[in-house]
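K.L.:
Mind looking at a prediction? Sequence and model below.
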2 protein chains.
Amino acid sequence: MASSATIYDVSRLSGVSTATVSRTFSDPDRVKEATRRKVYDAAAVLNYSPNAIARAMARQCTDKIAYIICKKGATILDEFYASICEGIMRSANRADLHLLVSTAEDWGQLLRSAHSKQIEGVILGGTADPALISEFQSRKIPVVLVNNRITGSELPCVVADEASGVRQALEHLIDRGHRQIGMVAGRVNSYVMSERYHAFVDCLKEHGLPVSPASIKMCEATVQSTTAAAEELLRSPEARPTALFCINDVAAAGAYKAARRLGLRIPEDLAVSGFDDSTLCPMLEPELTSVHIDCRRMGELCVERLTQLLQHKKDIEQFSMVPTELIVRRST
Amino acid sequence: MASSATIYDVSRLSGVSTATVSRTFSDPDRVKEATRRKVYDAAAVLNYSPNAIARAMARQCTDKIAYIICKKGATILDEFYASICEGIMRSANRADLHLLVSTAEDWGQLLRSAHSKQIEGVILGGTADPALISEFQSRKIPVVLVNNRITGSELPCVVADEASGVRQALEHLIDRGHRQIGMVAGRVNSYVMSERYHAFVDCLKEHGLPVSPASIKMCEATVQSTTAAAEELLRSPEARPTALFCINDVAAAGAYKAARRLGLRIPEDLAVSGFDDSTLCPMLEPELTSVHIDCRRMGELCVERLTQLLQHKKDIEQFSMVPTELIVRRST
DNA sequence: CAGAAAAATGTAAGCGCTTTCCTTGACAAT
DNA sequence: ATTGTCAAGGAAAGCGCTTACATTTTTCTG
């Protein structure tokens, strides 16, 4: 590491005290225009920029936050959480926060390092274990939830407007004349899945359409399971669904595979709609209609909330919801 | 932030000096067994763990590294770089390094923050601008390249054995009796693409198969372009290829779309092989044969190299290559 | 068992910044 | 002229740790 200029060098060169230099950088309005200029000039000559470590040391605050992805499966960076991560990264960079990205795999490790690395706030993505959450709370580390909501708790959370997304997709299908709409559902073991599931049921009911258990198939979130689930729905002895609402794009890919195996053409024989509008959508043939979620925005909101929490702001918006939008493609 | 115990508290409680406490934590062998025990006990009582910031301050080294993804396109966290990132994250956590993830979008910003945040080493993913590299070098910040290689430079780099991957895929196709093998190629503007391209040409030649410009179609890395490219190849007036080697899985998805539009069945009328073995493979119907790359391992190797560089080790392996493996599925 | 070498521990000076007082001087009000 | 106010800037005490150097304890050797 090149030994760079310190505040003393700048102080000497500009002829003011270190205190003034410090103030010039952290609160420019506290010093006179002329002084400020001198300081900036000296800093420019010396190629000085404040040492973040020393600053953290003196201020007793590290500006470090962590994004912890809580997902059962092995695959950490799935597209959805990665996009949120992107939003978080941007905002964090902009706000000069250090971001630590991690998974909730090894807790002990996680907490220990959160402690020694002086993490000041965390964003928990997905279905976080309540015990993990209270662990943070007992350490007085602010928590923001993303893609999750714990009713009855005061934790700020940011989620997408799942219900509206489901509604848009469903009404689109209904508009197209579909009456028998099946659902390839995930296990209802997370906030998101549960929202989508209930919105589906509610919406169909509102429109006076049949919601039989036989038209909803729960399964794991893998292509294998969703393919099997879709196949079962499509082989249904009673009225075969003419449209399949899939809980996410992976499930939709499963539906495609099932359809193909059964010789059904999409969209002629079967309409399929997905959810998340992932990069997968344009890769399928025909391109998949899906519900777009602005994950970046969600990430940004997380950082916003966390920042407010860290500054002990009052009246923090406890529940933030980003809108969703149906992207119609050729599968419906 | 809960005000936690300091080294002084531990010193007092355990009855030894702060120096000894410090040594106990950073180099346990330097203190006597008995003393060590006392210190650990006291630390446990106080729930003490060394403050990373203060440590960095005193040691004059921050243990901070950055992973910078250099990719033209907007989409930052594509699966490939994300997997590498995962490997880097793990190793970094294990080695107690702080990791900053960023894109090479805003250089000025990047360099400025690399400076003030005291980044001590960087991993550059993808095709990094030479100017960026020399910027780091002039600042004496060690650089490791991943998925890239700059011939003639001394920079350590870690890449996958692309040539062998290509060879495996191609020989698999040849084994299956294919003689007319087309290629959906990306622009040859990056190390990886160029490796794959040349390996393709070389391998076909070796096997005495025809390599006409007409059987290789270059295009952008989007599904749209690859679809168009594949379609063109398949409409080729001369001998239509019976197999398509696609430079990555996205290109393979393009090939699928093209095939479907032309009414060709996979694998009966057309074999398709991809590259990267992304999550996309099992989602396509039929599932896509592809070349697997152990991205995690690549990430780990990056951190290993960087660590060695930071410790001024001699004889650092300058060129690391991880093996590739063909995963045969139903598309061939 | 003396004395030297080696091992273990202690002392205290920073690391580069922030921030709490303080001092100074300019200006308005009395 | 005197006092009070306030903006601007300075002096210096840390923040929690590491480490060079000094000192003490232990171990080893003849």
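P.N.:
Everything's here; your move.

K.L.:
Domain parsing of chain A, as residue ranges.
P.N.:
Residue ranges for the domains of chain A, per automatic domain parsing: A:7-59, A:64-160+A:296-323, A:162-293.

K.L.:
The second one near chain B at all?
P.N.:
Yes. Looking at domain A:64-160+A:296-323 against chain B by Cβ under 8 Å from any Cβ of the partner chain, the contacts come from A:75-79, A:82-83, A:85-86, A:89, A:93, A:96, A:98-102, A:109, A:112-113, A:115-118, A:120, A:139-141. Yep, even glycine has a C-beta here, placed from its N, CA and C like the rest.

K.L.:
sorry, back to before: nearest to DNA strand D, of the domains of chain A?
P.N.:
Distance to DNA strand D, taken as Cβ to the nearest atom of the strand, is lowest for domain A:7-59 among the domains of chain A, at 3.3 Å.

K.L.:
Are that closest one and DNA strand C in contact anywhere?
P.N.:
Yes. Using Cβ under 7 Å from any atom of the strand, domain A:7-59 reaches DNA strand C at A:7-8, A:18-19, A:21-23, A:25-26, A:48, A:50-51, A:54-55, A:57-59.

K.L.:
I'd like the domains of chain A written out as JSON lines, with mean pLDDT and distance to DNA strand D added.
P.N.:
Below are the domains of chain A laid out as JSON lines (pLDDT from 0 to 100; distance: least, Cβ to the nearest atom of the strand, whole Å):
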{"stretch": "domain A:7-59", "mean pLDDT": "94", "distance to DNA strand D": "3"}
{"stretch": "domain A:64-160+A:296-323", "mean pLDDT": "89", "distance to DNA strand D": "8"}
{"stretch": "domain A:162-293", "mean pLDDT": "94", "distance to DNA strand D": "38"}
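
K.L.:
Any chance of TSV for the ones you listed, columns mean neighbour count?
P.N.:
What follows is the domains of chain A, written out as TSV (neighbours: other Cβ atoms under 10 Å in any protein chain shown):
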stretch	mean neighbour count
domain A:7-59	17
domain A:64-160+A:296-323	19
domain A:162-293	20
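
K.L.:
Now that we have those domains, can you turn them into JSON lines and tack on distance to B:Thr332?
P.N.:
JSON lines is the format used below for the domains of chain A (distance: least, Cβ to Cβ, whole Å):
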{"stretch": "domain A:7-59", "distance to B:Thr332": "52"}
{"stretch": "domain A:64-160+A:296-323", "distance to B:Thr332": "25"}
{"stretch": "domain A:162-293", "distance to B:Thr332": "17"}
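
K.L.:
before we move on, back to that, can you flag which of the residues of domain A:64-160+A:296-323 next to chain B belong to helices?
P.N.:
Using DSSP state H, the subset of those located in helices is A:Glu79, A:Ala82, A:Ser83, A:Cys85, A:Glu86, A:Met89, A:Asn93, A:Gln109, A:Arg112, A:Ser113, A:His115, A:Ser116.

K.L.:
wait, which of those residues is closest to B:Leu170?
P.N.:
Taking Cβ to Cβ as the measure, B:Leu170 lies nearest A:Glu79 of those, at 29.9 Å.

K.L.:
how about the closest one, what does it touch?
P.N.:
By Cβ atoms under 8 Å, 6 or more residues apart in numbering or on different chains, A:Glu79 lies in contact with A:Asp276, A:Ser278, A:Thr279, B:Leu77, B:Glu79.

K.L.:
coming back round to it: of the residues of domain A:7-59 next to DNA strand C, which belong to helices?
P.N.:
Here DSSP H is the test, and those give A:7-8, A:18-19, A:21-23, A:25-26, A:54-55, A:57-59 as lying in helices.

K.L.:
Contacting chain B as well, which ones from these?
P.N.:
Filtering these for neighbours of chain B using Cβ under 8 Å from any Cβ leaves A:Ala54, A:Met57.

K.L.:
Let me know the closest of the ones in helices among the residues of domain A:7-59 next to DNA strand C to chain B.
P.N.:
A:Met57 (4.9 Å; Cβ to the nearest Cβ).

K.L.:
Just give the nearest non-adjacent residue to that closest one, would you?
P.N.:
In this structure, A:Met57 finds its nearest non-sequential neighbour in B:Met57, 4.9 Å apart by Cβ to Cβ, 6 or more residues apart in numbering or on different chains.

K.L.:
can you check A:Cys246 too?
P.N.:
Nearest residue to A:Cys246 in three dimensions, chain neighbours excluded: A:Ala252, at 4.0 Å (Cβ to Cβ, 6+ apart).

K.L.:
Wait, that neighbour touches A:Gly274, no?
P.N.:
Yes. The pair A:Ala252 / A:Gly274 is scored as a contact, 3.5 Å apart, by Cβ atoms under 8 Å.

K.L.:
hey, what's in contact with both of these two?
P.N.:
Here A:Ala252 and A:Gly274 have A:Cys246, A:Leu280, A:Leu288, A:Ser290, A:Ser331 as joint contacts, going by Cβ under 8 Å, 6+ apart.

K.L.:
Could you tell me the phi and psi values at A:Asp277?
P.N.:
phi 50, psi 50 (degrees, to the nearest 10).

K.L.:
That should have said A:Thr151, apologies.
P.N.:
Phi and psi for A:Thr151, reported as degrees, to the nearest 10, are phi -70, psi 140.

K.L.:
Same question for A:Gly263.
P.N.:
Dihedral angles phi and psi of A:Gly263 (degrees, to the nearest 10) take the values phi 70, psi 20.

K.L.:
check contacts around the closest residue to A:Arg261 other than its chain neighbours.
P.N.:
Sequence neighbours aside, A:Glu231 is the residue nearest to A:Arg261 in space, at 6.6 Å (criterion: Cβ to Cβ, 6+ apart). Contacts for A:Glu231 (Cβ under 8 Å, 6+ apart) come out as A:Ala258, A:Arg261, A:Leu262.

K.L.:
Just say helix, strand or coil for the first one.
P.N.:
I take that to be A:Ala258. Three-state assignment for A:Ala258 (DSSP: H, G, I helix; E, B strand; the rest coil): helix.

K.L.:
my guess is it meets A:Ala230, correct?
P.N.:
Yes. Judged on Cβ under 8 Å, A:Ala258 makes contact with A:Ala230 at a distance of 3.7 Å.

K.L.:
which residues in the stretch 201-332 of chain A form helices?
P.N.:
Ranges of helices within the stretch 201-332 of chain A are A:223-235, A:249-261, A:295-310, based on DSSP state H, counting those that start in this stretch.

K.L.:
any idea how far A:Ala104 is from chain B?
P.N.:
Separation of A:Ala104 from chain B (Cβ to the nearest Cβ, to the nearest Å): 13 Å.

K.L.:
nope, A:Cys246 is what I was after
P.N.:
Taking Cβ to the nearest Cβ, one finds A:Cys246 at 12 Å from chain B.

K.L.:
What residues does that residue make contact with?
P.N.:
A:Cys246 touches A:Met183, A:Val184, A:Thr226, A:Ala230, A:Ala252, A:Gly254, A:Ala255, A:Val272, A:Ser273, A:Gly274, A:Phe275, counting by Cβ under 8 Å, 6+ apart.

K.L.:
How far off centre is the helix or strand hosting the first one?
P.N.:
A:Met183 belongs to strand A:181-186 when assigned by DSSP states H and E. Using Cα atoms, centre = their mean, to the nearest Å, we find the averaged C-alpha position of strand A:181-186 to lie 23 Å away from the chain's own average C-alpha position.

K.L.:
what are the pairing partners of it, and which direction each?
P.N.:
Partners of strand A:181-186 in the sheet, by DSSP bridges, are strand A:216-219 (parallel), strand A:243-246 (parallel).
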